[in-house]
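Novice: sequence first, predicted model second:
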Amino acid sequence: MKLILNYLKNYKKIFLLNVISVFGFALVELGIPTIVARMIDQGISNQDTAYIWKMGGVILVISLVGVTGTILLGYCCAYLSTSVVRDLRNDIFRKTQTFSHSEFNRFGTSSLITRTNNDAFQIQMFMNILLRTALMTPVMIASSIILVLKASLRLSMVILATIPLIILGVIIVAKISESISENQQNSLEWINRISRENLSGIRVIRAFTNDNYEKKRFDEANLSYMKYSKRLFKLMSVTQPIFFLLMNLAGMLIYWLSSILINQNSLQVGQLVAFMDYLFHVMFSIMLFCLVFMMYPKAQVSARRITKVLKTTPSIPTRIPGQKDGTESGNADSSDLDKIDIKEVRFEHVTFVYPDGEEAVLKDVSFAVKRGETIAFIGSTGSGKSTLINLVPRAYDVTEGSVLINGEDIRKLPSQELRQSIGFIPQKAMLFGGTIAENIRYGKKDASMEEVAHAAKVAQAYDFIMEKGGFEELITENATNVSGGQRQRLSIARALVRRPDVYIFDDSFSALDFKTDAKLRRELRKETKEAIVMIVAQRISSIVDADRIVVLNEGSVVGIGTHQELMKDCQIYREIALSQLSEEELANA
Ligand SMILES: Nc1ncnc2c1ncn2[C@@H]1O[C@H](COP(=O)(O)OP(=O)(O)OP(=O)(O)O)[C@@H](O)[C@H]1O
């Protein structure tokens, strides 16, 4: 509720219109029965045709006001609920943009998608009902009760006795449905996760003929969602008939009492008709109120899940261009950000433990690299190479020790400005939907066509781009129309076009053939002469000519030096090298 009110504040005028239309609607709904009662008791009983015509005219005018009010109410509700949910989705999206890897790991991608889409939709549905009924229901209930009391005190007792029963029932139903709704949302998250994995991993699933296994996994999640949805529907299907039964019983009691009162001449037929109308309005308003109450737990669960995202403080402050801090919205481009002129990257006794991990993945790592130098990292899988280079763009912050940029602790530098000066080529090349040119320009939004083409040439991507039909060729979803090696070369071009101070290649040449790898490195050397180059590689041939090679073993540095120095002094490096190249090849390296 607090979440909705916070966002509603931005739409005060429409909200006011919403309130006015609610009162208009209530006036019409309650005014007509009073006039009908008069028509019966004064017009029909006395056969006063003129009076009947006059009252008929009043009913027509009031009905027209009612139609206008209803249309206006519908418009305001739709406008407010869709606008608030759009703002909410934007804020969730902007907030997640400020998250560091730790927050992404904590929430999980599927959960963030469910919160942005489904939870926000639940809020929209709830708001739509809430805005229609939250104001109208109390107005209708209060006015109807006053009118009912005025019409007949004795008959009113029946209604007044029924209301507490209904309210008690609603509270019980709301309590029961809250936990069911929470489980239902969690099941939906589960379905989303399996769907995502299945759609993106379809090739692996097929290759391992695990279609049936995946089907079972999906069925399980789907069944769980169905189980909780069924429970909610069952609850509703029991609640509604009981409510109507209660309403009919009250109606029967009123008719019975009325017959006695009419016989005693203490009630007129017109009054009874109006009374039944008011009774209907009281009950109907309470029913709408019940609906809000029943939807409330579900919306509350969604609001709680969304608030959790919005209230999360990123462990590494990230300023999105145009935003003053991590929460405000902004539309500025990354080119509006200043760049940090990086001249040196230094690791001093760096130890790192993942937020959800127990053991240190990096232990007391120290090295330095300056402009114009290439530093490479090698080691067995899981030795901590990717973790190490991810500390440079502040995907995570160190646990102990420090990473220094130009002698200053990285934690004191604004992360976005720092990232502006880094060209990161991840282990798993990621391309976006759009043209090849757009994908390369992702590194520099205002890059000219010459710059794009040059980057593609250096990355050895130009020839295959031409063969594919040029830079305007579309990359399909999940980049299925380019091979693994082509994907890597495009993501290298994307970093090159940026001309950053620091290049970070995380095993980015692994899918290239030896010839292309060698040619690419030759071209890269010319391009990155003035920059800091950090390369993670599995292949010795990719790093032999680096100025310095850091050998990692279980998170610790076991050797630093040139290829020749390490061949002499580092046992682990020698073993890796000899497992890949012959003595002769190594001697010529
Ligand atoms: N997000 C994470 N949370 C917890 N532990 C992680 C996370 N990412 C990696 N690790 C662990 O950290 C260790 C180092 O992983 P890292 O990816 O840095 O190794 P690597 O040397 O790059 O391996 P590879 O050559 O296979 O890519 C591994 O034991 C891995 O399981």
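Specialist: It's in.
Novice: for the helix or strand Ala142 falls within, which outside residues touch it?
Specialist: Secondary-structure element containing Ala142, defined by DSSP states H and E: helix 136-151. In this structure, residues lying in contact with helix 136-151 by Cβ atoms under 8 Å, 6 or more residues apart in numbering are 22-23, 25-26, 29-30, 33-34, 155-156, 159-160, 271, 274-275, 278-279, 281-282, 284-286, 288-289, 292. Just so you know, the C-beta spots here come from the backbone N, C-alpha and C atoms, and that holds for glycine as well.
Novice: run the last query once more with 6 Å
Specialist: Helix 136-151 is contacted from outside by 22, 26, 30, 156, 159, 271, 275, 278, 281-282, 285, 288-289, using Cβ atoms under 6 Å, 6 or more residues apart in numbering.
Novice: intersect the residues you listed with the contacts of the ligand.
Specialist: The subset of the contacts of helix 136-151 within reach of the ligand, counting by Cβ under 6 Å from any ligand atom, is empty.
Novice: pull the most distant pair out of those residues.
Specialist: Taking Cβ to Cβ as the measure, the contacts of helix 136-151 reach their widest spread between Val22 and Gln271, a distance of 27.2 Å.
Novice: who touches the spatially most central residue of the chain in this structure?
Specialist: The structure's the chain has its C-alpha centroid closest to Thr116; by Cα atoms, centre = their mean the separation is 2.9 Å. The neighbourhood of Thr116, defined by Cβ under 6 Å, 6+ apart, consists of Arg89, Ile92.
Novice: report the distance from stretch 6-25 to the chain centre.
Specialist: Stretch 6-25 has its average C-alpha position 28 Å from the chain's average C-alpha position, going by Cα atoms, centre = their mean, to the nearest Å.
Novice: what's next to it, contact-wise?
Specialist: The set of residues external to stretch 6-25 that reach it, using Cβ under 6 Å, 6+ apart, is Gly69, Leu72, Leu73, Cys76, Tyr79, Leu80, Val84, Asp87, Leu131, Leu135, Met136.
Novice: buried set for that stretch?
Specialist: By neighbour count with 16 or more other Cβ atoms under 10 Å, stretch 6-25 contains the buried residues Tyr7, Leu8, Tyr11, Ile14, Phe15, Leu17, Asn18, Val19, Ser21, Val22, Gly24, Phe25.
Novice: SS state for the second one?
Specialist: When you say that, I think you mean Leu8. Leu8 carries the three-state label helix when classified by DSSP: H, G, I helix; E, B strand; the rest coil.
Novice: residue ranges in the chain under the pLDDT threshold?
Specialist: Low-confidence regions of the chain, defined here as pLDDT under 70, cover residues 318-337, 581-589.
Novice: surely Arg346 is in a helix?
Specialist: No - the secondary structure assignment for Arg346 gives strand rather than a helix, going by three-state DSSP.
Novice: so what's it bridging to?
Specialist: Beta-bridge pairing of Arg346, defined through DSSP bridges, involves Ala368, Leu404.
Novice: pretty sure it is touching Val369, no?
Specialist: No - Arg346 is not in contact with Val369 according to Cβ atoms under 6 Å; the separation is 7.8 Å.
Novice: pull the residues that contact stretch 378-390.
Specialist: Val361, Leu362, Phe377, Ile504, Asp506, Met534, Val536, Val551, Leu552, Asn553, Gly555.
Novice: what are the buried residues along that stretch?
Specialist: When neighbours are counted by 16+ other Cβ under 10 Å, the buried residues of stretch 378-390 are found to be Ile378, Gly379, Ser383, Gly384, Lys385, Ser386, Thr387, Leu388, Ile389, Asn390.
Novice: so is it next to the ligand?
Specialist: Yes - for stretch 378-390, a contact with the ligand is found by Cβ under 6 Å from any ligand atom, at Gly379, Thr381, Gly382, Ser383, Gly384, Lys385, Ser386, Thr387.
Novice: and those residues, which two are furthest apart?
Specialist: Taking every pair in these and measuring Cβ to Cβ, the maximum separation is 12.2 Å, between Thr381 and Thr387.
Novice: save the contacts of stretch 6-25 as a markdown table, and put in distance to the ligand too.
Specialist: Putting the contacts of stretch 6-25 into a markdown table (distance: Cβ to the nearest ligand atom, whole Å) gives the following:
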| residue | distance to the ligand |
| --- | --- |
| Gly69 | 56 |
| Leu72 | 53 |
| Leu73 | 50 |
| Cys76 | 47 |
| Tyr79 | 43 |
| Leu80 | 41 |
| Val84 | 35 |
| Asp87 | 32 |
| Leu131 | 43 |
| Leu135 | 48 |
| Met136 | 51 |
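Novice: so which of those wins on neighbours?
Specialist: Leu131 (26 neighbours; other Cβ atoms under 10 Å).
Novice: for that residue, helix, strand, or coil?
Specialist: helix.
Novice: same question for Leu552.
Specialist: Using three-state DSSP, the three-state assignment for Leu552 comes out as strand.
Novice: among the buried residues of stretch 378-390, which are in strands?
Specialist: Where these overlap with strands, as defined by DSSP state E, the overlap consists of Ile378, Gly379.
Novice: return the subset of the buried residues of stretch 378-390 lying in helices.
Specialist: Residues from the buried residues of stretch 378-390 lying in helices, with DSSP state H as the criterion: Lys385, Ser386, Thr387, Leu388, Ile389, Asn390.
Novice: and the buried residues of stretch 6-25, which is closest to Ile180?
Specialist: Among the buried residues of stretch 6-25, Tyr7 lies closest to Ile180 (Cβ to Cβ), at 26.4 Å.
Novice: got phi/psi on Val365?
Specialist: Note on Val365: backbone dihedrals following degrees, to the nearest 10 are phi -90, psi 130.
Novice: test my guess that it contacts Glu348.
Specialist: No - contact status for Val365 versus Glu348: not in contact, 8.9 Å apart, counting by Cβ under 6 Å.
Novice: neighbour count for these two, which is higher?
Specialist: Neighbours per residue (other Cβ under 10 Å) separate Val365 from Glu348, with Val365 holding more: 24 against 16.
Novice: could you dump the contacts of stretch 6-25 into TSV with secondary structure added?
Specialist: Listed next are the contacts of stretch 6-25 as TSV, based on three-state DSSP:
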residue	secondary structure
Gly69	helix
Leu72	helix
Leu73	helix
Cys76	helix
Tyr79	helix
Leu80	helix
Val84	helix
Asp87	helix
Leu131	helix
Leu135	coil
Met136	helix
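Novice: of those, which pair is most distant in space?
Specialist: Checking the contacts of stretch 6-25 with Cβ to Cβ, the most distant pair is Gly69 and Asp87, at 26.7 Å.
Novice: pretty sure Thr351 is in contact with Val403, am I right?
Specialist: No - counting by Cβ under 6 Å, Thr351 does not reach Val403; the two are 11.6 Å apart.
Novice: who has more neighbours, these two?
Specialist: Between Thr351 and Val403, counted using other Cβ under 10 Å, the more crowded position is Val403 (21 against 16).
Novice: run a quick neighbour tally on Glu530.
Specialist: 9.
Novice: list the contacts for it?
Specialist: Under the criterion of Cβ under 6 Å, 6+ apart, Glu530 has no neighbours.
Novice: and the strands in the stretch 301-450 of the chain?
Specialist: Using DSSP state E, counting those that start in this stretch, the strands of the stretch 301-450 of the chain run over residues 344-352, 362-370, 374-379, 400-405, 408-409, 422-425, 434-435.
Novice: what about the closest residue to Tyr462 other than its chain neighbours, how many neighbours?
Specialist: Nearest-residue entry for Tyr462: Ala456, 4.5 Å, with adjacent residues in sequence omitted and distances by Cβ to Cβ, 6 or more residues apart in numbering. When neighbours are defined as other Cβ under 10 Å, Ala456 has 26 of them.
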